[in-house]
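Novice: Have a look at this fold, sequence not included:
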């Protein structure tokens with residue numbers, strides 16, 4: 001009888017995937033986001049998580065702690081942990097980078113789209129933007145805009161800057177803004193012998209005067225903060241035009257222009273040969289020792305106006321009432337209304353200067369007496385386009 005011997009050998013069971021399996025390891029952060037991936041503006045608690053029953057800490061920062069709170073600003077603090085599977089020896093490692101910024105950005109100042117227009121003033125809308133600095137997460141954005149009023153000194157502008165971590169700083173700055181031009185100047189010119197005296201309303205503004213002789217010839221003859229200037233060394237009989245420009249503290253301007261003709265004649269205004277569209281201002285040279293003057297206005301040989309100003313000027317008007325009748329004799333009333341006295345025949349005038357010595361009552365005399373100085377002048381009549389000539393008493397219209 002034969003025996004068959006069978007030997008059974010027990011082979012170990014292969015556990016697929018078990019020998020190569022890595023232990024579970026993760027990290028959580030508080031507050032959110034829990035994956036520790038963003039910037040934090042508050043202290044952060046980091047906690048390592050693994051299975052203590054099957055794995056052991058074998059490397060990295062988790063050898064010393066399993067959870068820790070980080071509070072200091074940091075652009076990136078890197079921490080690591082490594083655990084090893086007890087049965088297989090498999091390892092797992094995990095790095096975490098923490099970024100913390102608890103400090104607000106600083107506002108370094110305003111940024112303007114252009115420098116001030118005049119001195120430290122802006123006089124038309126200007127773009128602005130806040131600028132800032134942040135040492136940790138960096139500046140993400142700052143507010144800005146355009147300022148165009150209202151006018152004011154030290155106008156407050158508010159804004160803010162935000163860093164990447166979300167911290168916000170608010171601040172402000174001031175600017176000087178004035179977009180309103182000064183009032184248009186009121187300009188008066190008084191010609192003289194080789195000169196023109198210029199006066200204007202300034203309201204404490206700086207003024208610039210440009211003298212224009214022709215389109216290609218002009219020059220700045222004055223710039224300053226006064227209200228008067230006399231231009232000298234001029235040609236008599238030559239017309240000069242003056243542009244007076246007021247300049248305020250912000251550089252805004254307003255301009256008015258007038259012209260004058262220097263003369264050595266006794267009558268300064270209106271100019272010899274000037275076409276008159278409106279009743280003129282009469283101005284004449286001062287006569288030594290005269291306390292007052294007699295200005296007469298004639299139409300033909302008829303006196304229609306007699307005035308007794310104390311100053312060396314007289315403003316004429318289109319209408320007035322006269323006490324003189326025909327021939328210039330004071331008597332029956334002569335009315336220029338409703339027809340304007342100056343509508344057709346513009347001013348025929350005889351100007352007399354009365355000496356202060358021994359002439360009591362002379363202001364009512366029609367005759368030239370001792371101490372009287374006649375100031376005759378030729379004026380062009382705008383409405384008729386005719387000249388006027390010297391008559392027996394003064395100037396008469398040449399019809």
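Specialist: Alright, I've got the coordinates. All of these numbers come straight from a predicted model, not from anything done at the bench. Residues are numbered from 1 along each chain as shown.

Novice: contacting residues for residue 177?
Specialist: Contacts for residue 177 (Cβ atoms under 8 Å, 6 or more residues apart in numbering) come out as 121-123, 126, 147, 149-152, 155, 250. Yep, even glycine has a C-beta here, placed from its N, CA and C like the rest.

Novice: residues in contact with residue 128?
Specialist: 110-113, 144-147, 157, 175 are the contacts of residue 128 under Cβ under 8 Å, 6+ apart.

Novice: Could you dump the residues you listed into CSV with secondary structure and distance to residue 77 added?
Specialist: Converted to CSV, the contacts of residue 128 look like this (DSSP: H, G, I helix; E, B strand; the rest coil; distance: Cβ to Cβ, whole Å):
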residue, secondary structure, distance to residue 77
110, strand, 35
111, strand, 34
112, strand, 39
113, coil, 41
144, strand, 34
145, strand, 38
146, strand, 42
147, strand, 43
157, strand, 38
175, strand, 43
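
Novice: Now do residue 227, the pLDDT please.
Specialist: Per-residue pLDDT puts residue 227 at 92.

Novice: The one 10 residues further on too?
Specialist: Among the per-residue scores, residue 237 shows a pLDDT of 89.

Novice: That one reaches residue 262, doesn't it?
Specialist: Yes. Between residue 237 and residue 262 there is a contact under Cβ atoms under 8 Å: 7.4 Å.

Novice: Quick check on residue 63: phi, psi?
Specialist: phi -60, psi -30 (degrees, to the nearest 10).

Novice: residues in contact with it?
Specialist: Counting by Cβ under 8 Å, 6+ apart, residue 63 has contacts residue 57.

Novice: which residues does residue 94 contact?
Specialist: 25-27, 48, 80-82.

Novice: Secondary structure element for it, which one?
Specialist: Counting by DSSP states H and E, the element that carries residue 94 is strand 91-100.

Novice: And the contacts of residue 128, which of them are buried?
Specialist: Buried residues within the contacts of residue 128, counting neighbours by 16 or more other Cβ atoms under 10 Å: 110, 112, 144, 157, 175.

Novice: Look up how far residue 188 lies from the residue nearest to residue 190 when sequence neighbours are not counted.
Specialist: In space, and not counting its chain neighbours, residue 190 is closest to residue 197: 4.5 Å by Cβ to Cβ, 6 or more residues apart in numbering. Residue 197 sits 9 Å away from residue 188, going by Cβ to Cβ, to the nearest Å.

Novice: Domains in this structure, by residue range?
Specialist: 25-100, 106-177, 187-260, 267-397 (automatic domain parsing).

Novice: give me phi/psi at residue 61?
Specialist: Here residue 61 shows phi and psi, under degrees, to the nearest 10, equal to phi -70, psi -20.
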